[in-house]
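> I'd like to go over a predicted model; first the sequence, then the structure.
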Amino acid sequence: MENVHHFHEFDAIVVGGGGAGLMAALYASRSVRTAVISKLYPTRSHTGTAQGGIGAALGNLEADKPEWHAFDTIKGGDYLSDQNAADVLAKEAVEAVVELEWMGLPFDRNADGTIAQRRFGGHTNNETKKPVRRACHSADRTGHMILQTLYQNCIKEGVKFFDEFQVIDLVFNGDKPCGVEAVSLDTGQVHVFHAKAITFASGGWGRVWSVTSNAHSLTGDGPAIVWRHGLPLQDMEFFQFHPTGLYPLGVLITEGVRGEGGVLINDRGERFMERYAPTIKDLASRDVVSRAIYLEVQEKRGVNGREYVHLDVRPSTVNRYLAEAGEDRRIDEQYILEKLPDILDFCHTYAGVDPVKEAIPVAPTAHYAMGGIPTNVNAEVLRDGKGTTVPGLYAAGEVACVSVHGANRLGTNSLTDLIVFGRKAGIQMAEYCQQADFIPLPHDPGRSAVVALEQLRKSSGKTKPHTIRRRMQQEMMAKVGVFREEKMMQEALDLVRELKEQFQNDLAIDDQGYRFNTDLMEAWELGCLLDVAEVTAASALHRKESRGAHSRDDHPDRDDEKYLAHTVAYPRNGTVEIKYDRPVDLSLGYEPKERVY
Amino acid sequence: MEVKLRIRRFNPEKDQKPWWGEYTLKDVEKTNSILELLHRVKWEQDGTLTLRRSCAHGVCGSDAMRINGVNRLACKVLIQTLNADRTIQVEPILGLKVVKDLVVDFEPFFEHYRSVMPYFVAATSTPTDGRERKQSPEDRARFDDTTKCILCACCTTSCPSFWASGEYVGPAAIVAAHRFIFDSRDGAAADRLNIMAEPGGVWRCRTIFNCTPACPRDIEVTRAIGEVKLAIQRGVR
């Protein structure tokens, strides 16, 4: 058996090289020795696929203020958002976006040279209730620009990277985290990184579901690792299905298409969102729109009797509805080409559709984890619902549940979250490292990771990882998706547990080598997906109400008496224990109201 | 439909030299991408097949490979765009050392990228009002094309000048330099142009034009290189 020969020491370690991780690394590296460990080259991270914009109340084109952004976030989150966290997000968003511009980010510009902004779902002028232009954008590749800009600044500042190193475990001494273990994909060898502070910024887990906008790499490694060390996961039932995934692949079609005036149309040619959200129609929040599409399909109003509807952004259609709404603005073909070039490319490549001339076929796609590793507003990881922190451990970005997004995230707030809370994590790590000593590594660190990995490598069962993964994905899509009910969720949970057994006892691995063994690492990732799927299904089963992205046929109403609290799932004796022991922060004083758009 | 794939294989732990693996897939849809077919080979037939991929829709830049002799992103090539009656050939991109199967060593590529100061150096001091620097839409448009680069290496590894000498920074690094040289807010154009004028720089380009059609983001790479050459001779703009 291989021994661990590779040891590294840094004050601060960041796991993940997307927006939150790079932001944390930029800030931490200003004062302490910092390294980023990423299983991908950082520029491959999923932040780069974010399209439409980053939300910040700059007010460059019309009146806007952070207080409105905070309220929209809370309302969008169906009142499960912590109001103190939404407040931090909205207030710090403005300086965070300006800071990105200072770092060189090439935002689109208004005629006066300021950052251009567009409309996005759920972002409103709180007085008129009308959509407000809050999404700061760079064509339809805002995430790409953020990722590139942050990576470029990391190069400028000399941040240390371990690219294509896959973190497979946290190292604890007693109950104190003191490092991570990672596999160098190139050599297959395990490296131990001793550190004072660690930030998980490893992203989401859309690959739990069969139709997703998420990269293959989004397998829930972060939450699975902390879960296996006895730490809780929060609000895992709240997973966002984005309404406009390109049918049938699920590639994301930005809400910016609707922000620019695009409308959803059913088989009868109706703009059906007028029925579901009379005031802001197609720009209602994502959970509302996804459910509307699902219901249209269920009522046999899907296009051609299939499971999709049309997203129509043809200038003639857009201009007709703009005129109907009494707006002066009109768009033409050139405008679409300039504002949505990547969308045109995706539609052309994957659906053979030219959105300037034809409507785009769309259906909901698994998109974003509102839940995750619980943290406070300083990105410190929490051990329980009472708010006890785990010293030296941080989480930021999609992997974390602050909770800003509550039961449903507003479009553009994911990028805002990365920048605001990635920065918090970096600042907190730096402060912590300057006053804390290294906790000694335990005896023989990395040994357990090597043993577990060797066991997996030597798997000699009959079931390929793909078979297990596909069954899990299809089951979760069908039964823990846009609409849910007791019996189906129980079936999904039972199957996931059965698949976990199969994964343990009957897995087949073809590649038993060391160099760049993606067969092995995909199997390891499948183990993470199964853990995350189990916690998701168990959390969903327990919450007997409908709120935001968690919508139950058998409990169609929101129940604030019982469930105005975060779902905290604890690992107990190999199973999942659910408590509602972290009440929602209501410190801004917004009382839960019925959500009408 | 049935599709045959011929894939260049090499596992340094087992193989003395590279070999061709042949795989037949049934029930292929014409809208399947090459990436989906490679996944089917890996997941259904031979788990040792090794490739990089992530986003699967042409944005992350992980899965550049040579498909029927042309550099493409595997996730952006659908079967319907190829002649599927003939065996589809898939190889690693050229000019970078093969690590395993379709995976190549990207370090030299990123080293060249890092060498051109691929980061913003502000020309003016930070605004004291706490707001963004202003830039006109026209100035922003000047370098829009080169902001699209995803560092997939399709251009650099299709370039005969790069194949001839790995010292050449290559098209992708020049695209990165261009993005900043022509940004009106940036103040380090002269430094980058000096780097571009070095022996490993822009003059190694013989205007062969392979890079432009190779780009999955439709960047006019050869034009960008030409603009950098001009800027060295005549100054920016």
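Ah, there it is. Residues are numbered from 1 along each chain as shown, chains lettered A, B, ... in the order given.
> in chain B, which spans are strands?
Here chain B has its strands, by DSSP state E, at B:3-9, B:19-25, B:64-67, B:70-73, B:88-91, B:98-100, B:103-104.
> So which bits of the lowest-mean-pLDDT helix or strand in chain A are buried?
Here the helix or strand of chain A ranked lowest by mean pLDDT, DSSP states H and E is helix A:447-457, holding a mean of 91. Within helix A:447-457, the residues scored as buried using 16 or more other CB atoms under 10 Å in any protein chain shown are A:Arg447, A:Ala449, A:Val450, A:Ala452, A:Leu453, A:Leu456, A:Arg457. Every C-beta, even on glycine, is put in place using the N, C-alpha and C of the backbone.
> Tell me which other helices or strands it touches.
With contacts taken as 3 or more CB pairs under 8 Å, 6 or more residues apart in numbering or on different chains; DSSP states H and E, helix A:447-457 sits against strand A:165-173, strand A:190-200, helix A:518-542.
> thinking again about what came up before, can you say which of the strands of chain B is nearest to chain A?
strand B:98-100 (4.4 Å; CB to the nearest CB).
> what is the rounded mean pLDDT of the closest one?
Averaged across strand B:98-100, the pLDDT comes to 98.
> Describe which strands it pairs with in its sheet and in which direction.
strand B:103-104 (antiparallel) (DSSP bridges).
> Now do the partner strand, average pLDDT.
98.
> Name the residues that touch that strand?
A:Phe516, B:Thr50, B:Leu51, B:Arg52, B:Pro92, B:Ile93, B:Leu96, B:Lys97, B:Val98, B:Thr157 (CB atoms under 8 Å, 6 or more residues apart in numbering or on different chains).
> Would you mind giving me the ChimeraX syntax to select the buried ones in those?
Buried members of those can be picked out in ChimeraX with the line below, counting by 16+ other CB under 10 Å:
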select /A:516 /B:50,51,52,92,93,96,98,157
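> Okay, and which of the contacts of strand B:103-104 map to helices?
Among these, no member falls in helices (DSSP state H).
> who's in contact with the closest residue to chain A within chain B?
Nearest to chain A, among the residues of chain B, is B:Phe120, at 2.4 Å (CB to the nearest CB). Listed by CB under 8 Å, 6+ apart, the contact partners of B:Phe120 are A:Met103, A:Gly104, A:Thr149, A:Gln152, A:Asn153, A:Lys156, B:Phe180, B:Asp183, B:Arg185, B:Asp186.
> Columns mean pLDDT on top of the helices and strands packed on helix A:447-457, output as JSON lines?
Shown next, in JSON lines, are the helices and strands packed on helix A:447-457 (pLDDT from 0 to 100):
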{"stretch": "strand A:165-173", "mean pLDDT": "97"}
{"stretch": "strand A:190-200", "mean pLDDT": "97"}
{"stretch": "helix A:518-542", "mean pLDDT": "98"}
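> and the ones you listed, which is most packed in?
strand A:190-200 (a mean of 26; mean count of other CB atoms under 10 Å in any protein chain shown).
> Mark out where each domain of the chain begins and ends.
Using chain A. As assigned by automatic domain parsing, chain A contains the domains A:246-365, A:447-567.
> Not quite, go with chain B.
Split by automatic domain parsing, chain B gives B:3-104, B:107-234.
> Output those domains in a markdown table, with distance to A:Ala436 appended to each entry.
Converted to a markdown table, those look like this (distance: least, CB to CB, whole Å):
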| stretch | distance to A:Ala436 |
| --- | --- |
| domain B:3-104 | 35 |
| domain B:107-234 | 31 |
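> And the helices in chain B, which stretches?
So, for chain B - with DSSP H - the helices run B:34-40, B:107-114, B:137-141, B:160-164, B:171-181, B:189-196, B:211-214, B:221-234.
> Out of the ones you listed, which one sits most buried?
Ranked by mean neighbour count, these are led by helix B:171-181 with a mean of 29 (mean count of other CB under 10 Å).
> got the angle between that helix and helix B:221-234?
60 degrees (axes from the mean of the first three to the mean of the last three CA atoms, to 10 degrees).
> which secondary structure elements does helix B:171-181 contact?
helix B:107-114, helix B:189-196, helix B:221-234.
> Contacts made by the longest one with the rest, please.
Judged by CB under 8 Å, 6+ apart, the contacts made with helix B:221-234 from elsewhere in the structure are B:145-146, B:155, B:171, B:174-175, B:177-178, B:181-182, B:189, B:193, B:196-197, B:202-203, B:205, B:207, B:209, B:211-212, B:214-215, B:237.
> Equivalent analysis for the first one, please.
Contacts made with helix B:107-114 from outside it, assessed by CB under 8 Å, 6+ apart, are listed as A:41, A:155, B:96, B:151, B:153, B:156-157, B:166, B:169-170, B:172-173, B:176.
> can you list the helices of chain B in CSV and add mean pLDDT?
Shown next, in CSV, are those (pLDDT from 0 to 100):
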stretch, mean pLDDT
helix B:34-40, 98
helix B:107-114, 98
helix B:137-141, 98
helix B:160-164, 98
helix B:171-181, 98
helix B:189-196, 98
helix B:211-214, 98
helix B:221-234, 98
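> Now tabulate these in CSV and tack on distance to A:Met145.
Below are the helices of chain B laid out as CSV (distance: least, CB to CB, whole Å):
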stretch, distance to A:Met145
helix B:34-40, 25
helix B:107-114, 17
helix B:137-141, 12
helix B:160-164, 26
helix B:171-181, 11
helix B:189-196, 19
helix B:211-214, 22
helix B:221-234, 17
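> so which of those helices comes closest to B:Phe10?
helix B:34-40 (15.3 Å; CB to CB).
> Which secondary structure elements does that closest one sit against?
Helix B:34-40 packs on strand B:3-9, strand B:88-91, going by 3+ CB pairs under 8 Å, 6+ apart.
> residues contacting A:Val420?
So A:Val420 contacts A:Val88, A:Leu89, A:Glu92, A:Ala93, A:Ala96 (CB under 8 Å, 6+ apart).
> likewise A:Gln474?
A:Gln474 neighbours (CB under 8 Å, 6+ apart): A:Ser210.
> Quick check: pLDDT value at the one residue sitting closest to the centre of chain B.
Compute the mean C-alpha point of chain B, and by CA atoms, centre = their mean the closest residue is B:Ala153, 2.3 Å away. We note a pLDDT of 98 for B:Ala153 in this prediction.
> looking at it, it is touching B:Asp105, isn't it?
No. Look at B:Ala153 against B:Asp105 with CB atoms under 8 Å: they stay out of range, at 10.9 Å.
> Between the two, which contacts overlap?
B:Leu96.
> count of residues packed around the closest residue to B:Ser136 other than its chain neighbours?
Leaving aside its chain neighbours, B:Ser136 sits nearest to A:Gly113 (5.5 Å; criterion: CB to CB, 6 or more residues apart in numbering or on different chains). Other residues near A:Gly113 come to 15 when the count uses other CB atoms under 10 Å in any protein chain shown.
> can you check A:Lys487 too?
Neighbours of A:Lys487 under the rule other CB under 10 Å: 9.
> name the element it belongs to?
If you go by DSSP states H and E, A:Lys487 is part of helix A:486-505.
> do the same with A:Gly179
strand A:176-184.
> Give me the contact list for that strand.
A:4, A:6, A:13, A:15, A:37, A:162, A:164-172, A:189-196, A:198, A:390-393, A:438-442, A:445-446, A:449, A:453, A:521.
> Repeat that for stretch A:493-503.
Stretch A:493-503 is contacted from outside by A:461, A:463, A:465, A:468, A:471-472, A:475-476, A:526-527, A:530-531, A:533-534, A:537-538, A:541, using CB under 8 Å, 6+ apart.
> Check stretch A:332-346 too.
Contacts of stretch A:332-346 (CB under 8 Å, 6+ apart): A:51, A:118, A:139-141, A:246, A:251, A:253-254, A:256-257, A:260, A:313, A:315, A:354-356, B:57-59, B:218.
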